[in-house]
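> Test case, fold it:
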Amino acid sequence: MTVGVTSTAPLPLWLGFKIGSRARPQHAAMVSGAVKPSRSDQLVFTEPETKLIEALLGVQGRGRGVSSKQLQDVESAVQALEILKGVPDPTSSSMIEGSWQLIFTTRPGTASPIQRTFVAVDSFKIFQEVYLRTDDPRVTNVVKFSDAIGELRVEAVASIKDGKRILFRFDRAAFSFKFLPFKVPYPVPFRLLGDEAKGWLDTTYLSDTGNIRISKGNKGTTFVLQKVTEPRQKLLSAISSGEGILQAIEEFTLYNKVDSKGDFRSLVGEWQLLWASESGGESWSDISRGLKGVHTIKEDGQVAHWAVPFPGSRVTATGTLVENAKSKTYSVLMKEGSFQFGPLKLPFDVQENLVMEILYVDNKIRIGSIDKATVVHLRL
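Next up, the predicted model:
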């Protein structure tokens, strides 16, 4: 995803935001007994923006693991927003200032190995800081490896060419590791790269709220960014990075506490397990959570769980789902199971009666608890 930089250049000018930067929103959800913000303080998106957010949920590697159908949905949503244009002359707007998080990017063949390494890894958080109205206007790319390890910052001198284009030139970069008292220089001789260290970036859409931006670089790469991360994406990002998952779940459910927890019809469909807390047991439910499989809930209440412990194999368990009207929970009665390896199929008994509680459900994500473990599912 190089923007005006050849494959020998350091990094693309992708866009994202660094948590804790000076542009951090002040209405972020608070947890652990703090005051919950009102619904009116939460993010508001237009219908076209919502379609883009919906299309991006579940996309892996910020576009690396996108299916043809997902890519088509994302491109269609991007084009619809670009037609709307959003804020006129975005580079002249103060809303372009601040920190942005990279949510999605196309990946042309010109991308350098370094770019592919950093941007495609879900456990890394990719940010960009844009500050054009200072004595030293800059655009800074940030790769945050983890809170424990540190980050890489690649900085570029920036200037505004017109209402939508930013010109930039990389001039310095360094690793900041938590376990070292000094910065480690990024080994790229920017001064020797000449024009290869230069590029431009067009903002083709900036939302009226200043929370969504779509940009394109001179290599044809498209970037989708958010200044304030949509709560579901923030939760999925925490799961991908493996950090702050329970806090993200608590924050998410606090925000959505007044929402319906869903009726039986909202549960019907096919669900992929994304994350589960440990319960320490050795039941079928514990084993299936460890395998992070898929389960299907049918309209007649039939449930089927399946997972692939290793290539060529499949473990399946079936049962029924019954709503407990008084307690607003569900009983999951698992009865039969089987292990299949190639043409060989071996049945086994399951015989489990589990209690499932739904904390939140919509058309894309489901959060709940089952057998005392917190679980997060993504609708397929």
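> could you list every residue that touches the closest residue to Ala307 other than its chain neighbours?
Once flanking residues are discounted, Ala307 sits nearest to Gly293: 2.8 Å by C-beta to C-beta, 6 or more residues apart in numbering. For glycine as for every other residue, the C-beta is placed from the backbone atoms N, C-alpha and C. Taking C-beta atoms under 8 Å, 6 or more residues apart in numbering, we find Gly293 in contact with Leu273, His305, Trp306, Ala307, Val308, Val315.
> quick one: which of those is most hemmed in?
Neighbours here mean other C-beta atoms under 10 Å. Within these, the largest count is held by His305, at 25 neighbours.
> Check which helix or strand that one maps to.
Using DSSP states H and E, His305 sits within strand 302-307.
> Likewise for Val350?
Using DSSP H and E, Val350 sits within strand 344-361.
> Any buried residues in that strand, and which?
Val350, Glu352, Leu354, Met356, Ile358, Leu359, Tyr360, Val361 (16 or more other C-beta atoms under 10 Å).
> Which two of those have the greatest separation?
Val350 and Tyr360 (27.3 Å; C-beta to C-beta).
> mind checking the backbone torsions on the closest residue to Ala317 other than its chain neighbours?
Nearest non-adjacent residue to Ala317, counting by C-beta to C-beta, 6+ apart: Gly337, 4.1 Å away. Gly337 adopts backbone torsions of phi -140, psi 170, taken as degrees, to the nearest 10.
> give the contact list for Gly337.
So Gly337 contacts Trp284, Val315, Thr316, Ala317, Thr318, Pro347, Phe348, Asp349, Val350 (C-beta under 8 Å, 6+ apart).
> which residues are in contact with the helix or strand encompassing Glu54?
Here Glu54 sits within helix 47-56, counting by DSSP H and E. For helix 47-56, the surrounding residues in contact (C-beta under 8 Å, 6+ apart) are 45, 70, 73-74, 76-78, 80-81, 84, 103-104, 207, 212, 224, 230, 232-233, 363-364.
> Can you mark which positions in stretch 315-330 are buried?
Val315, Thr316, Ala317, Thr318, Gly319, Leu321, Thr329, Tyr330.
> who does the host helix or strand of Glu250 touch, helix- and strand-wise?
Element membership of Glu250 [criterion: DSSP H and E] is helix 245-255. Packed against helix 245-255, as judged by 3 or more C-beta pairs under 8 Å, 6 or more residues apart in numbering; DSSP states H and E, are the following elements: helix 231-241, strand 344-361, strand 365-370, strand 373-379.
> any idea how far the longest one is from the chain center?
Distance of strand 344-361 from its chain centroid, counting by C-alpha atoms, centre = their mean, to the nearest Å, is 28 Å.
> do the same with stretch 332-349
34 Å.
> on that earlier part again, tabulate the buried residues of strand 344-361 in TSV, adding columns for pLDDT and distance to Pro90.
Formatted as TSV, those follow (pLDDT from 0 to 100; distance: C-beta to C-beta, whole Å):
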residue	pLDDT	distance to Pro90
Val350	82	56
Glu352	85	55
Leu354	86	51
Met356	89	46
Ile358	89	40
Leu359	88	38
Tyr360	89	34
Val361	89	36
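> What segments of the protein are helices?
According to DSSP state H, the chain carries its helices in the segments 47-56, 68-84, 113-119, 190-193, 231-241, 245-255, 264-267, 284-291.
> mind saving the C-alpha coords of the second one as PDB?
As requested, C-alpha coordinates have been extracted for helix 68-84 and formatted as PDB (Å, rounded to 0.1, in the frame of the first residue of the first chain):
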ATOM      1  CA  SER A  68     -14.600 -11.400  -3.100                       C
ATOM      2  CA  LYS A  69     -18.100 -10.700  -1.700                       C
ATOM      3  CA  GLN A  70     -16.700  -8.700   1.200                       C
ATOM      4  CA  LEU A  71     -14.500  -6.700  -1.200                       C
ATOM      5  CA  GLN A  72     -17.400  -6.000  -3.500                       C
ATOM      6  CA  ASP A  73     -19.500  -4.800  -0.600                       C
ATOM      7  CA  VAL A  74     -16.700  -2.500   0.700                       C
ATOM      8  CA  GLU A  75     -15.900  -1.100  -2.700                       C
ATOM      9  CA  SER A  76     -19.600  -0.400  -3.300                       C
ATOM     10  CA  ALA A  77     -19.900   1.400   0.000                       C
ATOM     11  CA  VAL A  78     -16.700   3.400  -0.600                       C
ATOM     12  CA  GLN A  79     -17.900   4.500  -4.000                       C
ATOM     13  CA  ALA A  80     -21.300   5.600  -2.600                       C
ATOM     14  CA  LEU A  81     -19.600   7.800   0.000                       C
ATOM     15  CA  GLU A  82     -17.100   9.200  -2.500                       C
ATOM     16  CA  ILE A  83     -20.100  10.300  -4.600                       C
ATOM     17  CA  LEU A  84     -21.500  12.100  -1.600                       C
END
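> So that it lines up with my notes, have the first residue be 9 from now on.
Shifting the count to begin at 9 puts that one at helix 76-92.
> what about it, distance to the chain center?
17 Å.
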